[in-house]
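Undergrad: Let's see this in three dimensions:
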Amino acid sequence: MTAPGTAPDNDIPAGDDGTPRSSRRVRHWLAGAGVTALAAVLGITLAVRGGATPACAAPPTGNAVHKGKASFYDAGRSGGNCSFPGPPADRLYVALGASQYSGSAACGSYLEVTGPKGKVRVMVMDQCGGCGPSKIDLSTEAFAKIADRSQGIAPVTYRAVVNPPLDGGLTFRMKGGASKYWFAVQVGNHGNPLRSVEAKGPDGGFRKAARQSDNHWTIEGGIGPGPYNIRVTDVYGRQATATGIRMVTKQVQRSTATLASASPTPSGSPSAPPSPTTAPAPTPTESVAPTATVEALAGAAAPLDRPRC
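TA: Modelled structure (predicted):
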């Protein structure tokens with residue numbers, strides 16, 4: 001949401017009347033023929049597919065502090081471009097511009113945002129189509145914790161939350177349409193941005209999955225009917241492997257495998273109901289599948305594979 005009046009180019013209002021968006025629609029426009037011709041002369045390929053990741057894109061990591069502006073919106077019950085089952089239970093989330101959203105690489109990570117009134121911790125859940133590199137879009141609830149809503153846009157600083165404390169372990173959710181012939185999984189409750197996901201079935205070794213712009217990891221050709229071992233590595237080199245993940249689509253399967261600091265009392269029972277404080281939480285139509293187990297955990301101090309621009 002933005003206050004009435006003229007805003008800078010990267011301060012695109014939430015709506016024509018200045019009210020918060022009820023849902024996000026990321027749209028992409030193709031440049032005119034003149035720009036296309038110029039791009040051809042310069043040898044530049046224009047990305048026309050929605051969700052294209054800008055060159056040198058990367059989510060916020062480490063101790064770097066970013067200075068910018070924040071607006072706010074309401075995603076309703078949507079899980080945003082990250083395709084989560086829904087928003088976090090506390091509804092403290094944020095949408096990032098294309099460069100920091102980085103083709104879903106930022107999904108599920110956390111930022112600490114500081115504004116005129118204080119600080120708030122938010123989970124990256126969405127991509128902001130109108131946000132430049134220094135603009136973020138907070139949930140209405142998160143914005144209210146750092147500024148007065150009447151401001152519309154507030155100056156902020158923000159940084160990554162490294163190893164945020166989380167309730168429970170990694171979660172896994174097979175995408176609709178996934179099968180023994182096409183492996184597609186979403187990893188949740190990981191805290192830090194992910195660098196890689198690998199999986200294996202009962203036969204064969206680990207195969208590397210490819211990150212998709214909708215926050216799923218896929219292996220073409222599949223790896224059999226399962227159950228699967230899934231090895232997850234974050235950008236700091238921390239690694240955990242969950243076992244016993246089943247080929248059951250659209251259900252959140254919880255594990256005890258963790259990348260970041262976990263709360264001291266997560267439930268270890270396969271029949272335990274989902275924790276109301278775990279983000280993202282499953283929708284009412286989704287059930288919680290059996291708990292998987294942790295196989296390995298390692299750590300490193302600094303982000304890996306930082307892009308060089």
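
Undergrad: Glu220: how many residues sit nearby?
TA: 11 (other Cβ atoms under 10 Å). Quick note: C-beta positions are derived from backbone N, CA and C, even for glycine.

Undergrad: residues in contact with it?
TA: Residues near Glu220 by Cβ atoms under 8 Å, 6 or more residues apart in numbering: Trp182, Ala210.

Undergrad: distance between the ends of stretch 184-194?
TA: End-to-end distance for stretch 184-194: 16 Å, by Cα to Cα, to the nearest Å.

Undergrad: what's the average pLDDT for it?
TA: Average pLDDT, stretch 184-194: 97.

Undergrad: Likewise for stretch 198-205?
TA: pLDDT averaged over stretch 198-205 gives 93.

Undergrad: Next: stretch 254-267.
TA: 64.

Undergrad: Please apply the same query to stretch 100-118.
TA: Here the average pLDDT along stretch 100-118 is 97.

Undergrad: Show me which positions of that stretch end up buried.
TA: For stretch 100-118, burial by neighbour count (16 or more other Cβ atoms under 10 Å) applies to 100-113, 115.

Undergrad: and what of stretch 145-155?
TA: So for stretch 145-155, counting by 16+ other Cβ under 10 Å, buried means Lys145, Ile146, Ala147, Gln151, Gly152, Ile153, Ala154.

Undergrad: tell me the pLDDT at the fifth one?
TA: Spelled out, that is Gly152. Reading off the model, Gly152 has pLDDT 94.

Undergrad: next one: the third one
TA: In the prediction, the pLDDT value recorded for Ala147 is 98.

Undergrad: Not counting sequence-adjacent ones, nearest residue to it?
TA: Of all residues beyond its chain neighbours, the one nearest Ala147 is Ala154 (3.5 Å), with distances taken as Cβ to Cβ, 6 or more residues apart in numbering.

Undergrad: Any regions of the stretch 1-150 of the chain where pLDDT drops low?
TA: 1-56 (pLDDT under 70).

Undergrad: what about the helices in this protein?
TA: 33-42, 98-101, 140-146 (DSSP state H).

Undergrad: Now render the buried residues of stretch 145-155 as JSON lines, adding distance to Lys180.
TA: Supplementary listing: these in JSON lines, determined by distance: Cβ to Cβ, whole Å:
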{"residue": "Lys145", "distance to Lys180": "45"}
{"residue": "Ile146", "distance to Lys180": "47"}
{"residue": "Ala147", "distance to Lys180": "50"}
{"residue": "Gln151", "distance to Lys180": "52"}
{"residue": "Gly152", "distance to Lys180": "50"}
{"residue": "Ile153", "distance to Lys180": "49"}
{"residue": "Ala154", "distance to Lys180": "49"}
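
Undergrad: Of these, which belong to strands?
TA: Ala154 (DSSP state E).

Undergrad: out of the buried residues of stretch 145-155, who's nearest Ala64?
TA: Nearest to Ala64 among the buried residues of stretch 145-155: Ile146, at 19.1 Å, using Cβ to Cβ.

Undergrad: how near is the nearest residue to that closest one once chain neighbours are set aside to Tyr158?
TA: Closest residue in space to Ile146, ignoring its immediate chain neighbours: Gly115 at 2.9 Å, by Cβ to Cβ, 6+ apart. Gly115 sits at a distance of 9 Å from Tyr158 (criterion: Cβ to Cβ, to the nearest Å).
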